[in-house]
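> Fold the following.
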Amino acid sequence: MASIVELSPQTRARVLDRLGLEEPVALDPQGLAELYQRWCRRVPFDNVRKLIALRGEDGGPLPGMDPEDFFGMWLAHGVGGTCWPSNSALWALCRACGFDARLVAASMADTGVASHGTTIVRLEGSEWLLDSSMLTDRPVPLADIETATDHPVFGTTATPVAEGWLLAFPLPFAEATMPCRTIDPGAVTHDLCVERYEVSREVSPFNHQVSTRRNDDAGVVSYGGGKRYRRTPVGIEESDLVGAALATALVDELGMSEEIVTRLALRG
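Okay, the predicted model is just below:
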């Protein structure tokens, strides 16, 4: 039997307060857009907890797949997660607010392998994609014709295909897009997402170096491969970010706690 994942009213209230939102969230397109934009600008995509777990010795499951745990660590330490845990948390939050949300598996880079989790919300007869990793800043409309969001940094297209939709996500470090095809437009279980996250222990671009991104009013800041990238409508700025400078940036720019960053550094 599939596990039942619910977010407690207390956690929902604390999360919405941290996002700067009042209850109840309006169950209309404007309310959904506001909830998602606040997420994109305050909840980072990052692999900090995953790296700590992979470098540890406890042998337990990868962290963050329980939305209560995910939000507890975000509230306490400012950390988010990679696609499977962060998307499970976003999906749980949407449901806790009253939205008709479903978990969907997709294939990042369109390889045919279920390597990415995302969320689709059905609202007023339309469907919207909310992605906790690519952080498109606006929900992406989904339809039986090609759709797009109009933004110089976050513009995303969704083309209907047999498997659901083929998405073209903007990259935070280059003026290019990443293809991502849904495996099926229907819902998958939370248990499947847990399983796919565990599979990522073996092969994932997020198992070795710190990788993060978070939006702000002007664009997106991301770290990866020893670099800091700042993409705005004006262009892309790139600078080195390694060692002590990376640790400082995680605390000062992304707002992570010194405790969690120290745990990351102490484990190599």
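
> Pro179 reaches Pro170, doesn't it?
No: with contact defined as Cβ atoms under 8 Å, Pro179 does not reach Pro170; the gap is 11.7 Å. All C-beta atoms are positioned from the backbone trio N, CA, C, and that covers glycine.

> Between those two, point out the one with more neighbours.
Pro170 (23 against 14; other Cβ atoms under 10 Å).

> Quickly list what that one is bridged to.
With DSSP bridges as the criterion, Pro170 is bridged to Thr177.

> wait, doesn't it sit right on Gly155?
Yes: using Cβ under 8 Å, Pro170 makes contact with Gly155 at a distance of 6.1 Å.

> so where do the helices sit in the stretch 151-268 of the chain?
190-199, 243-252, 258-266 (DSSP state H, counting those that start in this stretch).

> any idea which of those is most buried?
helix 190-199 (a mean of 18; mean count of other Cβ atoms under 10 Å).

> same question for it, mean pLDDT?
For helix 190-199, the mean pLDDT works out to 98.

> picking that back up, any chance of a markdown table for the helices of the stretch 151-268 of the chain, columns distance to Glu237?
Formatted as a markdown table, these follow (distance: least, Cβ to Cβ, whole Å):
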| stretch | distance to Glu237 |
| --- | --- |
| helix 190-199 | 32 |
| helix 243-252 | 14 |
| helix 258-266 | 23 |
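
> right, and the ones you listed - which one's nearest Asp144?
helix 190-199 (25.9 Å; Cβ to Cβ).

> Next, the nearest residue to Cys83 once chain neighbours are set aside: secondary structure please.
Using Cβ to Cβ, 6 or more residues apart in numbering and skipping the chain neighbours, the partner closest in space to Cys83 is Ser133 (4.3 Å). Assigned with DSSP: H, G, I helix; E, B strand; the rest coil, Ser133 falls in the coil class.

> could you list every residue that touches the nearest residue to Asp217 once chain neighbours are set aside?
Nearest non-adjacent residue to Asp217, counting by Cβ to Cβ, 6+ apart: Arg41, 7.6 Å away. Residues in contact with Arg41 (Cβ atoms under 8 Å, 6 or more residues apart in numbering) are Asp137, Arg214, Asn215, Asp216, Asp217.

> JSON lines for these, including distance to Asp46?
Below are the contacts of Arg41 laid out as JSON lines (distance: Cβ to Cβ, whole Å):
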{"residue": "Asp137", "distance to Asp46": "17"}
{"residue": "Arg214", "distance to Asp46": "8"}
{"residue": "Asn215", "distance to Asp46": "13"}
{"residue": "Asp216", "distance to Asp46": "15"}
{"residue": "Asp217", "distance to Asp46": "20"}
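
> Now, of the residues you listed, which are buried?
Listed as buried from these are Asp137, Arg214, Asn215; burial here means 16 or more other Cβ atoms under 10 Å.

> Which one of these is nearest to Ile260?
Nearest member of the buried ones among the contacts of Arg41 to Ile260, counting by Cβ to Cβ, is Arg214, at 15.3 Å.

> mind checking pLDDT for that closest one?
For Arg214, the predicted pLDDT is 98.

> cool, and the one 4 residues further on?
The score at Ala218 is 94. That number is its pLDDT.

> One more: Glu57?
So, for Glu57, pLDDT stands at 63.

> where does the chain have low pLDDT?
1-4, 57-58, 266-268 (pLDDT under 70).

> 80 instead, please
1-4, 57-59, 265-268 (pLDDT under 80).

> Now do the strands in it.
Secondary structure of the chain by DSSP state E: the strands cover 45-46, 100-108, 116-123, 126-130, 140-142, 147-148, 157-161, 164-170, 177-182, 212-215, 220-224, 227-232, 235-240.

> just checking, which of the ones you listed sits deepest inside the structure?
strand 45-46 (a mean of 25).

> And it, what does it pack against?
strand 212-215 (3 or more Cβ pairs under 8 Å, 6 or more residues apart in numbering; DSSP states H and E).

> strands paired with the strand it packs on, and their directions?
strand 45-46 (antiparallel), strand 220-224 (antiparallel).
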